[in-house]
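Participant: Take a look and give me a structure for this.
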Amino acid sequence: MVLLHRRTGYELMSFIVNALIQAASNSASSGWDLNDFSFNGATASRWPQVVGTSEYYPSIDESSLVAFNNDGTKVFILPSPTSSPYLNAYNLSSAYNLTTAGNSFSARVNLSSQATQVVGIFFKPDGTKLYVADPVDDEVYEYNLSSAWDLSTASYNQNKDLSSQNSSIAGLWFKSDGTKMFVLNETNSNCEEWTLSSAWDISTASYSTAFGDGQSGAFRGIAFNSSGTKLYRLTDSKIYECSLSSAWSLSSASYTDTLSITVTAPECRNFALVSGTSMYLPSTQGYVDKYTLSSSDDISTATWTAPTSDYYSLMSDLTAGAFSLISARGLFLKNEGDYFYCGDAGGDIHRFTMSTPFNLTTASKTQSNTNLSGTVSDLFFSPDGTKFFALIGSSLKSYTLSTAWDISSLGSATSLSVNSGVGLHFKPNGDSFYIMGGSSNRYIYTYDMSTAFDISTASLAATKYISQTGFPTPPTFYGMTFDVDGTKMYAPFNRPDIGGNQWIAEFSMSQWNFSNLTKVRAINFGNVSGDITKVRFRPNGRNALVLTEQYQTSVALLTYSES
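Facilitator: I've put the predicted structure just below:
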């Protein structure tokens with residue numbers, strides 16, 4: 001009892017909260033392991049629906065080309081980048097349902113003995129031949145499959161040099177009977193038609209004609225509908241549709257429609273169109289999107305469906321900043337799960353109430369404060385909700401709340417000059433706080449306080465550089481959070497080699513001591529829309545809120561749970 005009387009209010013609150021949290025975290029399931037987390041929301045609009053397990057190549061999560069077998073029970077994915085290309089096959093227990101693919105491939109064919117890079121794949125409709133386009137050598141390679149659709153039986157057969165007409169292949173397709181081959185020419189900005197005098201034998205291919213759709217954008221890939229009356233050209237952000245009045249004849253083609261891609265990242269090289277109403281679009285950023293077409297083969301009617309559960313769109317709740325940019329800045333999840341807080345590019349802070357704790361489908365915005373001077377990078381609250389902290393540029397601002405957790409009751413700010421950054425976290429007992437910043441946000445700055453949660457007593461105590469060891473390419477981090485006892489750190493980061501920010505790294509460390517900070521794993525959360533910028537955990541470590549955003553098109557929270 002004497003010990004309790006000697007504690008400050010903050011220390012007592014922290015002591016009780018931590019005891020409860022630790023008791024929860026030590027129960028039957030330990031939590032806090034990213035390998036165990038998967039997305040709760042029910043939707044088949046994006047794959048992988050579960051967390052990817054790979055950290056390096058090979059990876060199912062870096063798709064740039066996708067194809068199905070004839071009955072939809074197999075999907076073929078070509079990982080990107082394509083410097084050492086290979087093709088993976090995955091079995092689907094439910095036809096065309098990518099969520100049933102699992103995380104391990106059923107077979108693989110190594111293409112690197114022939115192709116330097118791969119920008120196009122195509123299967124003969126009976127699954128006995130595979131064709132691969134190489135943009136470096138401007139060649140198409142043909143493989144035989146002794147057992148239909150089984151990549152383990154694939155063997156190289158022959159090649160066709162297209163360099164006489166094509167100086168940079170960007171896509172590949174065949175007429176359904178194998179008598180015509182179509183390749184996209186990135187240099188000349190057109191689609192070429194080649195005639196095969198012997199069906200499916202590329203050695204008999206001869207140049208016929210070319211067509212340009214007259215539209216702008218990069219040349220990334222091509223596809224046709226099953227009847228050959230529609231041609232689609234892919235760019236980084238759009239799909240252009242052309243109609244062919246004479247099936248499979250480019251001389252009869254004319255531009256008709258455009259689809260603006262709002263949820264798929266750049267570098268997709270083809271898409272699979274099933275029955276004219278389901279379109280599967282791959283992305284090098286780590287996922288395959290499913291679009292539904294309300295009018296068969298008309299891509300202008302294609303829509304992507306957001307998850308129906310464990311998903312909350314923030315687009316209508318946030319204030320736009322410069323250039324009308326809608327962006328989320330910072331995220332804080334209250335331990336009890338009834339509130340979460342988010343800043344925006346307009347410099348405002350918002351409170352969201354979940355009528356059912358930790359259930360995003362019950363969330364609604366209930367408060368806003370527009371009196372913060374500057375745009376928040378990250379935010380934090382003391383355990384009792386009476387102090388609010390905002391990282392704004394190179395200043396950390398501390399506000400007292402006259403009513404706990406009520407951001408409309410913010411008092412005047414106390415400011416401390418700190419290292420600017422993208423992440424802010426306080427130790428539960430309030431004697432230290434941490435800022436992630438510096439070059440590519442690869443530094444952790446530790447500030448110690450002689451009085452708990454009183455930043456006027458803070459001073460810089462240590463600086464830790466986050467080693468790039470274990471990362472395929474130098475990462476840029478976007479924030480951090482910790483488990484309850486400070487022995488694990490989690491940080492969203494990008495993969496510049498594949499252009500994706502859907503990754504979260506998990507680190508181990510001594511308790512609140514960064515001297516031995518070590519990367520444990522990096523996981524691709526590939527079914528999110530846009531780039532992951534923040535992740536926050538429920539105190540038991542079994543649920544996580546992931547904040548994602550895509551430039552001016554989507555800002556959302558998703559719930560992941562331990563499997």
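Participant: Pull up the distance across stretch 524-531, start to finish.
Facilitator: This stretch, stretch 524-531, spans 11 Å end to end (C-alpha to C-alpha, to the nearest Å).
Participant: any idea of the mean pLDDT for it?
Facilitator: In this model, stretch 524-531 carries a mean pLDDT of 67.
Participant: And stretch 435-450, by the same measure?
Facilitator: 97.
Participant: what about the most centrally placed residue in the chain, is that helix, strand or coil?
Facilitator: Centroid-nearest residue in the chain, with C-alpha atoms, centre = their mean: Q502, separated by 3.2 Å. Assigned with DSSP: H, G, I helix; E, B strand; the rest coil, Q502 falls in the strand class.
Participant: What pLDDT does the model give it?
Facilitator: Reported pLDDT for Q502: 76.
Participant: any idea how far it is from L259?
Facilitator: Using C-beta to C-beta, to the nearest Å, Q502 is found at 22 Å from L259. (Each C-beta comes from the backbone N, C-alpha and C, glycine too.)
Participant: Over to F211?
Facilitator: Distance, F211 to L259, by C-beta to C-beta: 19 Å.
Participant: okay, P48: pLDDT?
Facilitator: You'll see P48 listed with a pLDDT of 59.
Participant: ok, and the nearest residue to I202 once chain neighbours are set aside, which helix or strand is that part of?
Facilitator: With C-beta to C-beta, 6 or more residues apart in numbering as the criterion, I202 has its nearest non-adjacent residue at 4.1 Å, and that residue is K160. If you go by DSSP states H and E, K160 is part of strand 154-161.
Participant: What is the helix or strand just after that strand packed up against?
Facilitator: Toward the C-terminus, strand 154-161 is succeeded by strand 169-174 as the next helix or strand (DSSP H and E). Strand 169-174 is packed against strand 120-123, strand 129-134, strand 180-185, strand 221-224, with contacts defined by 3 or more C-beta pairs under 8 Å, 6 or more residues apart in numbering; DSSP states H and E.
Participant: State the mean pLDDT of the second one.
Facilitator: What that stands for is strand 129-134. Mean predicted lDDT for strand 129-134 stands at 96.
Participant: Restricting to C-alpha, output stretch 427-444 in PDB.
Facilitator: Taking C-alpha atoms only, stretch 427-444 is exported to PDB below (Å, rounded to 0.1, in the frame of the first residue of the first chain):
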ATOM      1  CA  LYS A 427       6.500   4.400 -23.200                       C
ATOM      2  CA  PRO A 428       3.500   3.300 -21.100                       C
ATOM      3  CA  ASN A 429       4.900   4.800 -17.900                       C
ATOM      4  CA  GLY A 430       5.600   8.100 -19.600                       C
ATOM      5  CA  ASP A 431       9.300   8.400 -18.800                       C
ATOM      6  CA  SER A 432      10.300   8.200 -22.500                       C
ATOM      7  CA  PHE A 433       9.000   8.900 -26.000                       C
ATOM      8  CA  TYR A 434      10.300   7.800 -29.400                       C
ATOM      9  CA  ILE A 435      10.300   9.500 -32.800                       C
ATOM     10  CA  MET A 436      10.900   7.800 -36.100                       C
ATOM     11  CA  GLY A 437      12.600  10.100 -38.600                       C
ATOM     12  CA  GLY A 438      15.800  11.000 -40.300                       C
ATOM     13  CA  SER A 439      17.000   9.900 -43.700                       C
ATOM     14  CA  SER A 440      14.300   7.600 -45.200                       C
ATOM     15  CA  ASN A 441      12.900   7.500 -41.600                       C
ATOM     16  CA  ARG A 442      15.500   4.900 -40.600                       C
ATOM     17  CA  TYR A 443      16.300   6.500 -37.300                       C
ATOM     18  CA  ILE A 444      14.700   6.100 -33.900                       C
END
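Participant: List the buried residues of that stretch.
Facilitator: Buried residues in stretch 427-444, counted by 16 or more other C-beta atoms under 10 Å: 427-438, 441-444.
Participant: now the helices for the stretch 1-150 of the chain?
Facilitator: Taking DSSP state H, counting those that start in this stretch, the helices of the stretch 1-150 of the chain run over residues 2-6, 9-25.
Participant: rank those by pLDDT, which is bottom?
Facilitator: Among the helices of the stretch 1-150 of the chain, helix 2-6 scores lowest, at a mean of 36.
Participant: Next, the buried residues of stretch 347-361.
Facilitator: Across stretch 347-361, burial judged by 16+ other C-beta under 10 Å covers 347-352, 354, 358, 360.
Participant: Mind putting the residues you listed into TSV with distance to F388, secondary structure and pLDDT?
Facilitator: Shown next, in TSV, are the buried residues of stretch 347-361 (distance: C-beta to C-beta, whole Å; DSSP: H, G, I helix; E, B strand; the rest coil; pLDDT from 0 to 100):
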residue	distance to F388	secondary structure	pLDDT
G347	15	coil	89
D348	13	coil	93
I349	8	strand	95
H350	13	strand	96
R351	10	strand	98
F352	15	strand	97
M354	19	strand	97
F358	21	coil	95
L360	22	helix	92
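Participant: Tell me which two of the residues you listed sit farthest apart.
Facilitator: Using C-beta to C-beta, the pair of the buried residues of stretch 347-361 lying farthest apart is G347 and F358, separated by 28.0 Å.
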